[in-house]
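*Asks:* Give me a 3D structure for the following:
(one chain, ligands or ions: 1)
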Amino acid sequence: MYRNLLTIRDMDRAQIEEFLDLAVEMKSRVLSGKPLPDMGRLTLGMLFFEPSTRTRVSFERAAHYLGMRIANFSQPGSSMNKGETLKDTILTLRYERLNGLVIRHRMSGSPLLAAQYFTGPVLNAGDGMHEHPTQALGDALTVLERKGRLSELRVAIVGDVLHSRVARSNAWLFSKLGNEVRFVGPRTLMPASGAMLPANIYYDLEEGIDNADVVMCLRLQKERMEGTALSSIAEYAKLYQVNARSLRFAAPDCLVMHPGPLNRGVELDDLAADGEQSAITQQVENGIFVRMAGLYWAFGGKRKSRSEGPKKPAAKPKAAKTKAKA
Ligand code: NCD
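*Replies:* Predicted coordinates for the structure are as follows:
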């Protein structure tokens, strides 16, 4: 049995917690050199239709640790440049006998479409402005490690919320786990009030990060902006930059996060990005472990403590045999 990893919105609290336990287990195994699940028979298709550094490399590293093989696909070198549709591309990859797909695409919902035409797990590596579930899970693991808990925190997500799939996945995740989620940014970069996202909206940075335990900065996603969303970058930085001055309003031990890539000097300054409160490099590293958990989980693996792991079907007949003998 395989599972798709498409959105955080579709996961419940127990699933998120199970997933994070699995990521913790993967991390401790990698760091202590203990054996890891061997998924060596499986080949993973990597479909990145948008640029990526962290997400692509960490999915590849995750697959390497699990012994999987990778088939890379990029749009410029493919038949999509000859007009092939996403549906036909996915069908082709299915009959090329790939076992699973990681997909990043500018269109919201594209991983769901892919899942409809593929046989095997599909993992969303970021779909348009919709969701980026493995980023949020890696961010949650980082918060858990640094704060020692994943509930009753004030989490402020600051910047270009409108265009951010990271903001949406994190808002779902942290609200489902019982935290207060705030979106902070200019009106022109905020989703419409009817968007039904689980966050309180603030247009003023000092108010929005007041006493926050976690401040997540977002990149200004100019590639998704239409014309007049911002009057000037300098004005945005003046009003919304996370730096020593604005961080005075947050909790003294507030964690500073950013999914990357960073526009240094715009959404945050060097001191905030590289200082003691920053968790940015830890977010990158944890990206590997949640993606290992994601691949293992998607191909049907479960936490060890739950005895019904992937091998259970094989164990049953054995038990029956012993009984018959007795
Ligand atoms: C983000 C993305 O692509 O959504 N980056 C990432 O995956 N770490 C954020 C961004 O592009 O700003």
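*Asks:* check contacts around the residue nearest to R94 when sequence neighbours are not counted.
*Replies:* Among residues not flanking R94 along the chain, F118 sits closest, at 5.0 Å (C-beta to C-beta, 6 or more residues apart in numbering). All C-beta spots, glycine's among them, are computed from the backbone N, C-alpha and C. Shown in contact with F118 (C-beta atoms under 8 Å, 6 or more residues apart in numbering): I90, L93, R94, L101.
*Asks:* quick one: F118 from E60, how far?
*Replies:* 19 Å (C-beta to C-beta, to the nearest Å).
*Asks:* go on, D204?
*Replies:* Distance from D204 to E60, by C-beta to C-beta: 41 Å.
*Asks:* Give me the more crowded residue out of these two.
*Replies:* E60 (18 against 12; other C-beta atoms under 10 Å).
*Asks:* Give me the three-state assignment for that one.
*Replies:* Here E60 is recorded as helix under DSSP: H, G, I helix; E, B strand; the rest coil.
*Asks:* Might one say that it is in contact with F48?
*Replies:* No - using C-beta atoms under 8 Å as the test, E60 is too far from F48 to be in contact (10.6 Å).
*Asks:* Get me the contact residues on the chain for the ligand.
*Replies:* Selection of the chain residues close to the ligand by C-beta under 6 Å from any ligand atom yields R54, T55, G126, H132, Q135, R165, V166, R219, Q221, P259, G260.
*Asks:* my guess is the fifth one contacts P259, does it?
*Replies:* Yes - taking contacts as C-beta under 8 Å, Q135 lies within contact range of P259: 5.4 Å.
*Asks:* if I look at the two, which residues touch both of them?
*Replies:* With C-beta under 8 Å, 6+ apart, Q135 and P259 have common neighbours V166.
*Asks:* Next, count neighbours for E131.
*Replies:* 27.
*Asks:* Would you mind measuring from it to Q283?
*Replies:* 17 Å.
*Asks:* And G109, by the same measure?
*Replies:* In terms of C-beta to C-beta, G109 sits 26 Å off from Q283.
*Asks:* Compare the two and say which one has the larger neighbour count.
*Replies:* A side-by-side neighbour count of G109 and Q283, using other C-beta under 10 Å, places Q283 first with 21 against 15.
*Asks:* Now the helix or strand harbouring that one: average pLDDT?
*Replies:* Using DSSP states H and E, Q283 sits in helix 280-298. Averaged over helix 280-298, pLDDT sits at 98.
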